[in-house]
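Enquirer: Have a look at this prediction, sequence included:
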Amino acid sequence: MPFTDKKFTTEDKVRMFERMGATGAIVALIFVLLIETGLAGEYVKIIDMGLTAMIVVLAVSLVGSVFFKSRLKK
């Protein structure tokens, strides 16, 4: 059973990857600020794991966006 019946265009996919990257960058910035200001307290290790996950999200969004942009030009 599909999640949605909408057929996504290549432009929609590029837009989704760009939004995912922007959101991941904002969350990563918040995590860095929490760690550097010391507001994380005892949660430094879990925030550090979250920061690592956001780095992965940024990499995936970059690759996805570049891939679909290259398909858009064809």
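Expert: That came through fine.

Enquirer: Tell me where the chain has helices.
Expert: In order along the chain, the chain carries the following helices (DSSP state H): 10-37, 44-72.

Enquirer: Just want the angle from the longest one to helix 10-37.
Expert: Taking axes from the mean of the first three to the mean of the last three CA atoms, to 10 degrees, one finds helix 44-72 and helix 10-37 inclined to each other by 160 degrees.

Enquirer: tell me the contacts of the residue nearest to G64 when sequence neighbours are not counted?
Expert: For G64, ignoring the flanking residues on the chain, the nearest one in space by CB to CB, 6 or more residues apart in numbering is F17 at 4.1 Å. (Each C-beta comes from the backbone N, C-alpha and C, glycine too.) Contact analysis of F17 by CB atoms under 8 Å, 6 or more residues apart in numbering lists S61, G64, S65, F68.

Enquirer: so how far is G21 from the third one?
Expert: When you say that, I think you mean S65. In this structure, S65 and G21 are 7 Å apart, going by CB to CB, to the nearest Å.

Enquirer: try the last one
Expert: When distances are taken as CB to CB, F68 and G21 turn out to be 12 Å apart.

Enquirer: For K6, grab phi and psi.
Expert: The phi and psi torsions at K6 (degrees, to the nearest 10) take the values phi -70, psi 140.

Enquirer: how much space between it and M16?
Expert: Distance check for K6 against M16: by CB to CB, it reads 12 Å.
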